[in-house]
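>>> give me a model of this one.
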Amino acid sequence: MLISTAYAMGANGGQGQAGGIAGFLPIIILFAIFYFLLIRPQQKKAKEHKEMIENLKKGNRVVTSGGIFGTIISLDDTTIGLEIAEKVKIKVARPNVAALVSDNEAQAKSKE
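The predicted structure follows:
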């Protein structure tokens, strides 16, 4: 009696077989969500930072990733010379420049 029931169920155990793409659909949707919410904005931010680093010039006011404000006095392929105070000069690697500082922010900082 039990044997005939087992043969009647067939090889797939009585469960219907889903289509090939239907099984991967949740994974595809999850990847699309990650792409549009995490990967794409990060790539855009990295591209903007790279362009900002390439367009630096003498006299620009910048802030480093360590929080040091300074004015660019020299440029090299890999380093930037900053004057952070009167007659105080340092060199930092180009990728460590976090952002350009606008004139309004620089004036507000100098008043403090």
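>>> and Leu100, how many neighbours?
Counted with other Cβ atoms under 10 Å, the neighbours of Leu100 add up to 14. To be clear about C-beta, it is placed using only N, CA and C from the backbone, and glycine gets the same treatment.
>>> was I right about it contacting His49?
No. Counting by Cβ atoms under 8 Å, Leu100 sits too far from His49 to count as a contact (10.9 Å).
>>> per the annotation, how does this protein divide into domains?
Annotated domains of the chain cover 21-55, 56-111 [automatic domain parsing].
>>> looking at those domains, which is buried most?
Mean neighbours per residue, mean count of other Cβ atoms under 10 Å, is largest over these for domain 56-111, with a mean of 13.
>>> so what's the residue nearest to the spatial centre of the chain up against?
Centroid-nearest residue in the chain: Gln42, 3.1 Å away (criterion: Cα atoms, centre = their mean). Going by Cβ atoms under 8 Å, 6 or more residues apart in numbering, Gln42 touches no other residue.
>>> Leu56 too?
Residues Val62, Ile72, Leu75, Ile80, Arg94, Val97, Leu100 are the ones in contact with Leu56 under the rule Cβ under 8 Å, 6+ apart.
>>> reduced to three states, what does the residue nearest to the centre of the chain come out as?
Using DSSP: H, G, I helix; E, B strand; the rest coil, the structure places Gln42 in helix.
>>> any idea how far it is from Lys50?
Using Cβ to Cβ, to the nearest Å, we find Gln42 at a distance of 13 Å from Lys50.
>>> no more questions from me, cheers.
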